[in-house]
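>>> Sequence first, predicted model second:
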Number of protein chains: 2
Amino acid sequence: MKSIQVGLLGAGTVGSGTFKVLQRNQEEIKRRAGRGIEITMVADLDTARAREVAGEGVKVVADAREVIANPDIDIVIELIGGYGIARQLVLEAIAAGKHVVTANKALLAVHGTEIFAAAHAKGVMVAFEAAVAGGIPIIKALREGLTANSIQWLAGIINGTTNFILSEMRDKGLDFATVLKEAQRLGYAEADPTFDIEGVDAAHKVTLMSAIAFGIPVQFDKAHIEGITKLAAQDIKYAEQLGYRIKLLGVTKRTAQGVELRVHPSLVPSKRLLANVEGAMNAVVVHGDAVGTTLYYGKGAGSEPTASAVIADLVDITRLHTADAAHRVPHLAFHPDAMSDLKVLPMSEVVTSYYLRLRVADQAGVLAKVTGLLATAGISIDAVLQREADEVGGEGSTQTDLIILTHDAREGTVDDVMAELQALPTVLEPIVRIRKEELS
Amino acid sequence: MKSIQVGLLGAGTVGSGTFKVLQRNQEEIKRRAGRGIEITMVADLDTARAREVAGEGVKVVADAREVIANPDIDIVIELIGGYGIARQLVLEAIAAGKHVVTANKALLAVHGTEIFAAAHAKGVMVAFEAAVAGGIPIIKALREGLTANSIQWLAGIINGTTNFILSEMRDKGLDFATVLKEAQRLGYAEADPTFDIEGVDAAHKVTLMSAIAFGIPVQFDKAHIEGITKLAAQDIKYAEQLGYRIKLLGVTKRTAQGVELRVHPSLVPSKRLLANVEGAMNAVVVHGDAVGTTLYYGKGAGSEPTASAVIADLVDITRLHTADAAHRVPHLAFHPDAMSDLKVLPMSEVVTSYYLRLRVADQAGVLAKVTGLLATAGISIDAVLQREADEVGGEGSTQTDLIILTHDAREGTVDDVMAELQALPTVLEPIVRIRKEELS
């Protein structure tokens, strides 16, 4: 049987990995797919780079539209990235009847609804395993492996850059800025790291997972996003003393009121496997009502790990493209006419537990005042850690740190009581609040 | 569209969970599958039990063949277990043109070749996600999620009973027999626990994963199997001191010479996530050449976790049964005409590293003699731990324990040198050998 013909848009790091892995494992992949899978055409503005990546026998062009217009091409891989031209090209490829494989989480988190609708109408597949957690087959697990379950929540370390930075901050007791520079030097962080360190990349990914888990449309604009730039080394240390590690988590949870969709630093109990995912590795914990808690771990980025997911999608399409379109795996796990309209909750409606650090005057009655306000607000306390003033501010210090772990509370309630606490004359600096996820 | 009609053979723990989960989540499952999925008929010799599980509106029969003969049934779930009647019924269901879902690892590890060939010839699917690691979608990950990779090895904690026992032995410093009794009392071990504690159950599962990972036929008879019954509490303690935990692993590895296929207790570095999988939980680590190391964790047994896998297979079949048979996901990941004839290596050809414990006379020259014999055999030493005689045998003891960790060596070579060591007059008891997997 004739090989499946693939056109590649974008010959960067992942494109190059895709070429390498397809070539190295071509015989084994063919034995699995039942047909050869071959990249026969590649488009990149830098045709010299594309030529180098593609090797002999592959047509190289500067214009992506030449690939899309080629009637021999069955599948188009989009590895350009971003929301702009990538959106246009993906829609054109769909209109031309091509199946699409993409690693573009930003595109799908923002324009997924439009793109999946177009693909559904045209009867083609848009596969995106590579868009979330690199080589970990988490989209497949959510969309196919856990279909029996009413999924309750998931929480993931889905950005390697920030996990590397947090691991280094903890290991070496260094502050954020110092470790960021080191991460840039080592290639773990980009020259402009904004999307990673501000949590935007993780928010794209958790938006996609949330849609698939709960059968809701992609709604990136509803996600609550906080990065790690304001994290202080001392909070990592205090968390450790209390039996927790701080991780940047993407969390999405179904409640009777709606769906929580949020990215922020979180305390995670040190004994959880997720807390022990170190360096640039990724992991996602998924809790389903039948299966209980499952975890998926691996490399979330890099040339060949991401190529592993791109090629798995190529094999899936090769295996499934003869199934009638109504019976294929739906793009967002649920059939488009059976999506849920469960709304995404504003952050003030989220219920979770909290780590609060207050820099307070070291004098009698402060703890009573603080805990009194919390009690009045109906927020119950799980643990308190009060430091020796000398240890915190040096000998003779008149200030100290008061750390409070709360039980579950509504975020809006916590906002209100934080404002009251902040107004106390004995609270000397802005209160640090970090959310806490028990993941049990 | 008419619901997919399912017939269930065996209304035990997993069958009951399958009913419960299908009922509780029926609306959500239908939104995913595009069609309703309904168990309309159940066969169990204990029809009263079956009636209780099935509730109203489901036909209950004692004879499984009535289910198979029913032309309205699209899929048969086999949850009888064992090699006997289950084999016959699965083959009859296939012959009747039914798709089959089974959780029966023993059946497939031993008779898989016959069963998959029959299914292939008839153009039906035999799905078995529930046969390995309960609710963890590991079959799907291996067969579909990692198709880009040349899989190099995998290692798994795939028997919850033994992992529970080992976790308790370590936590409480108790010996095997004591913990086994406790596990039986708590329901973690069966009245006859032989299949679990002797490693047979794990060997069934790793046989299936090995076939899927490497594209070889199922060859349970070639698996090397050792259980945990001979493990001593002191070896768990020594391992801990050396930075390792002891787990019962199913390991399969591809080498240029052939495939390693083995189940035995193994030292695993304490810092690995796999070493931190405690209690009755399961986890599988898979190493692919492109993706690197990935890990899959969750509940490996129990009514609803296993039902989660059974129902995922039902949804898969519902989604894929319209694909032409040549393009579906192959039963063993590789197309039947493209299997590999890579042979399974005898244990003597396996290369791994070792923990050796020698009870020796506490006298000069013993260490030199022992290490000399190892050096002569070409086995290099990674670490040595020699205990104080008093600590091991009580005050005034003239015996001590000598623990040696080796680097990689051929098992046959280790067998030979162990025979030489055992013959030394200063080696006082049978040498304890436990294999060690670095998983790096």
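It's in.

>>> all contacts plus neighbour counts: C-alpha atoms, from now on.
Fine.

>>> Would you verify that A:Asp401 is located in a helix?
No. A:Asp401 is assigned strand when assessed by DSSP: H, G, I helix; E, B strand; the rest coil, not a helix.

>>> can you pull the contacts of the nearest residue to it once chain neighbours are set aside?
For A:Asp401, ignoring the flanking residues on the chain, the nearest one in space by C-alpha to C-alpha, 6 or more residues apart in numbering or on different chains is A:Arg359 at 4.7 Å. Residues counted as contacts of A:Arg359 (C-alpha atoms under 8 Å, 6 or more residues apart in numbering or on different chains) are A:Gln399, A:Thr400, A:Asp401, A:Leu402, A:Val427, A:Leu428, A:Glu429, A:Pro430, A:Ile431.

>>> Filter the residues you listed down to the buried ones.
Listed as buried from the contacts of A:Arg359 are A:Gln399, A:Thr400, A:Asp401, A:Leu402, A:Val427, A:Ile431; burial here means 16 or more other C-alpha atoms under 10 Å in any protein chain shown.

>>> Surely the fourth one touches A:Leu358?
Yes. With contact defined as C-alpha atoms under 8 Å, A:Leu402 and A:Leu358 form a contacting pair (5.1 Å).

>>> sec struct for A:Arg268, please.
For the record, residue A:268 is Val, not Arg. Applying three-state DSSP: A:Val268 is strand.

>>> tally of neighbours for it?
For A:Val268, the neighbour count with other C-alpha atoms under 10 Å in any protein chain shown is 25.

>>> so A:Leu345 touches A:Leu261, yeah?
Yes. With contacts counted by C-alpha under 8 Å, A:Leu345 reaches A:Leu261, the gap being 7.5 Å.

>>> Those two: who's more crowded?
More crowded of A:Leu345 and A:Leu261, by other C-alpha under 10 Å: A:Leu261, with 26 against 19.

>>> Return the distance of A:Val360 relative to A:Glu226.
Between A:Val360 and A:Glu226 the distance is 25 Å, computed by C-alpha to C-alpha, to the nearest Å.

>>> Would you list the phi and psi of A:Ile157?
phi -90, psi 100 (degrees, to the nearest 10).

>>> how does chain A divide into domains?
Listed by automatic domain parsing, the domain ranges of chain A are A:4-136+A:304-338, A:138-299, A:349-436.

>>> Ok, which of the ones you listed comes nearest B:Met209?
B:Met209 sits nearest to domain A:4-136+A:304-338 of all those, at 14.9 Å, using C-alpha to C-alpha.

>>> Give the other helices and strands that the helix or strand of chain A with the lowest mean pLDDT contacts.
The helix or strand of chain A with the lowest confidence, counting by mean pLDDT, DSSP states H and E, is helix A:389-393 at a mean of 78. Counting contacts by 3 or more C-alpha pairs under 8 Å, 6 or more residues apart in numbering or on different chains; DSSP states H and E, helix A:389-393 is packed against strand A:399-406.

>>> Can you give the contact residues for the strand it packs on?
In contact with strand A:399-406 (C-alpha under 8 Å, 6+ apart) are residues A:353-362, A:367, A:379-390, A:392-393.

>>> Of the residues you listed, which belong to strands?
Using DSSP state E, A:353-361, A:381-386 are the members of the contacts of strand A:399-406 that sit in strands.

>>> Spell out which parts of the stretch 51-200 of chain A neighbour chain B.
Counting by C-alpha under 8 Å from any C-alpha of the partner chain, the residues of the stretch 51-200 of chain A lying close to chain B are A:Gly135, A:Ile136, A:Pro137, A:Lys140, A:Ala141, A:Glu144, A:Gly145, A:Leu146, A:Thr147, A:Ala148, A:Asn149, A:Ser150.

>>> Tell me the one among these nearest to B:Lys59.
Nearest to B:Lys59 among those, with distances taken as C-alpha to C-alpha, is A:Ala148, at 22.8 Å.

>>> check contacts around that closest one.
Taking C-alpha under 8 Å, 6+ apart as the test, what A:Ala148 contacts is A:Ala290, B:Val21, B:Leu22, B:Asn25, B:Ile29, B:Ala307, B:Ser308, B:Ala309, B:Ile311, B:Ala312, B:Val315.

>>> do you know how far it is from B:Gly10?
In terms of C-alpha to C-alpha, A:Ala148 sits 19 Å off from B:Gly10.

>>> How about A:Gly97?
The value you get for A:Gly97 to B:Gly10, if C-alpha to C-alpha is used, is 46 Å.

>>> cool, and A:Tyr355?
For A:Tyr355, the distance to B:Gly10 - C-alpha to C-alpha - is 50 Å.

>>> Pull the contacting residues for A:Leu307.
One correction, residue A:307 is Ala, not Leu. Contact analysis of A:Ala307 by C-alpha under 8 Å, 6+ apart lists A:Val14, A:Gly15, A:Gly17, A:Thr18, A:Val21, A:Ala130, A:Gly135, B:Ala148, B:Ala290.

>>> what are the phi and psi angles of it?
The phi and psi values for A:Ala307, taken as degrees, to the nearest 10, are phi -60, psi -30.

>>> got the contact list for the nearest residue to it once chain neighbours are set aside?
Distances taken as C-alpha to C-alpha, 6+ apart place A:Thr18 nearest to A:Ala307, at 4.6 Å, with adjacent residues excluded. Going by C-alpha under 8 Å, 6+ apart, A:Thr18 touches A:Ser303, A:Glu304, A:Ala307, A:Ser308, A:Val310, A:Ile311.

>>> same question, A:Leu274
When the contact criterion is C-alpha under 8 Å, 6+ apart, the partners of A:Leu274 are A:Ile157, A:Val268, A:Ala283, A:Val284, A:Val285.

>>> So it: helix, strand or coil?
Looking at A:Leu274 with three-state DSSP, the answer is helix.

>>> State the distance from it to A:His204.
Applying C-alpha to C-alpha, the value for A:Leu274 to A:His204 is 20 Å.

>>> Please apply the same query to A:Leu358.
A:Leu358 sits 32 Å away from A:His204, going by C-alpha to C-alpha.
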